[in-house]
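>>> here is a sequence with its predicted model. Questions after.
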Amino acid sequence: MYKNLILLVVFLPGVSFVFSAESSKNQEQYNFEADILYRTAAEADKDDYIQQRCRLDIYYPTKIKDYPTVVWFHGGGITGGNKSVPEKLKGRGMAVVAANYRLSPKVKSPVYVEDAAAAVAWTFKAIEKYGGSRDKIYVSGHSAGGYLASMVGMDKSYLKKYGIDADDIAALLPFSGHTITHFTVRGERGIPGTRPIIDEMAPLYLVRPDSPPLVLITGDRELELLGRYEENAYMMRMMKVAGHKETILYELQGSDHGQMVSPAYEILLRYISSREK
């Protein structure tokens, strides 16, 4: 369906799919655990909102070892949304960790980024227990979730708190995420949404040559949210200027902010497939 809608702004040569969709009977080879608290019990006991929102689901294969894992953050402008394991990522020979996080205005920046980091840290510490590989953890999400994925991977301080080097993330794959300071963060500070800001809460502020591989995916620049393609294009350019060796940008022509998600999953799967060869 999307064959003629995808423009590869940067081309990945020689990449083919390894993960094939499995029949429904093979879904028996996957387990699902829901609502796991990823912050400490002591933190949750002190804060009902942590108890409510700092939870994740894990979907994982039972017949495969050392498989890759995608940590997935939902969208919703950091003011709404709930975790779910994307259907397109099921039955693909990998695990998916889908995490909730606390939301604005009940909390303020950078609390939701700290929550995202805690969920990624949980994955690093727990995934081998489930049979996965600590060396194959990919971090992704759509819209606000893409922004959180980028922030956790680009600013090493968030994971350092847990004794984890952000550069151990196999790759960051944000779907239509802000690379400037998120509009909700700007809103908390009384800054109009039409005023772009690049500060410590912007992935663009955190450009560095030694970050994990970065795969930026947006919808059509004419159909996307205001400036979303352009800011991702600037992120790609500045990463290359800084000397980063693996920043890739995709623009999905004909797809708006919501429509881009389905073909973006295919790019994610193809990218992970290429790393698994």
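Ah, there it is. Numbers count the residues shown, from 1 in each chain.
>>> strands along the protein, start to end?
Counting by DSSP state E, the chain has strands at residues 30-37, 55-61, 67-73, 95-99, 132-142, 171-175, 214-219, 247-252.
>>> so which residues make contact with the fourth one?
Pointing back at strand 95-99 there. With contact meaning C-beta atoms under 8 Å, 6 or more residues apart in numbering, strand 95-99 is reached by 38, 55-61, 67-74, 83-86, 89-90, 115-116, 119, 122-123, 127, 130, 132. For glycine as for every other residue, the C-beta is placed from the backbone atoms N, C-alpha and C.
>>> at 7 Å instead, please
Applying C-beta atoms under 7 Å, 6 or more residues apart in numbering, the set of residues contacting strand 95-99 from outside is 38, 56-61, 67, 69-73, 83-85, 89, 119, 123, 127, 130, 132.
>>> cool, the first one as well?
Contact partners of strand 30-37, identified using C-beta under 7 Å, 6+ apart, comprise 44, 54-62, 91.
>>> picking that back up, and the contacts of strand 95-99, which are buried?
The neighbour count (16 or more other C-beta atoms under 10 Å) marks 38, 56-61, 67, 69-73, 83, 85, 89, 119, 123, 127, 130, 132 as buried among these.
>>> give me the beta-bridge partners of the residue sitting nearest the centre point of the chain?
Geometric centre of the chain, nearest residue: S140, 1.7 Å, by C-alpha atoms, centre = their mean. Here S140 sits in beta bridges with W72, L173, as judged by DSSP bridges.
>>> shouldn't it be in contact with V70?
Yes: S140 is within contact range of V70, at 5.6 Å (criterion: C-beta atoms under 7 Å).
>>> switch the contacts of strand 30-37 over to a markdown table; also include distance to A34 and pLDDT.
A markdown table is the format used below for the contacts of strand 30-37 (distance: C-beta to C-beta, whole Å; pLDDT from 0 to 100):
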| residue | distance to A34 | pLDDT |
| --- | --- | --- |
| A44 | 16 | 97 |
| C54 | 14 | 98 |
| R55 | 8 | 98 |
| L56 | 9 | 98 |
| D57 | 5 | 98 |
| I58 | 8 | 98 |
| Y59 | 9 | 98 |
| Y60 | 12 | 98 |
| P61 | 17 | 98 |
| T62 | 16 | 97 |
| G91 | 18 | 97 |
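>>> including distance to I78, could these go into JSON lines?
Shown next, in JSON lines, are the contacts of strand 30-37 (distance: C-beta to C-beta, whole Å):
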{"residue": "A44", "distance to I78": "21"}
{"residue": "C54", "distance to I78": "15"}
{"residue": "R55", "distance to I78": "17"}
{"residue": "L56", "distance to I78": "17"}
{"residue": "D57", "distance to I78": "20"}
{"residue": "I58", "distance to I78": "23"}
{"residue": "Y59", "distance to I78": "24"}
{"residue": "Y60", "distance to I78": "27"}
{"residue": "P61", "distance to I78": "31"}
{"residue": "T62", "distance to I78": "34"}
{"residue": "G91", "distance to I78": "30"}
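>>> and the helices in the stretch 51-200 of the chain?
In the stretch 51-200 of the chain, the helices defined using DSSP state H, counting those that start in this stretch lie at 111-126, 144-154, 157-160, 183-188.
>>> looking at the ones you listed, which is buried most?
When the helices of the stretch 51-200 of the chain are scored by mean count of other C-beta atoms under 10 Å, the highest mean neighbour count falls to helix 144-154 (a mean of 29).
>>> now do that one: which elements does it pack against?
If contacts are counted by 3 or more C-beta pairs under 7 Å, 6 or more residues apart in numbering; DSSP states H and E, helix 144-154 sits against strand 67-73, helix 111-126, strand 132-142, strand 171-175.
>>> closest to K160 out of these?
Checking these against K160 by C-beta to C-beta gives helix 111-126 as the closest, at 9.2 Å.
>>> quick check: closest non-adjacent residue to S176.
Leaving out its chain neighbours, the residue that sits closest to S176 by C-beta to C-beta, 6 or more residues apart in numbering is T218, at 5.0 Å.
>>> fine, thanks again, bye for now.
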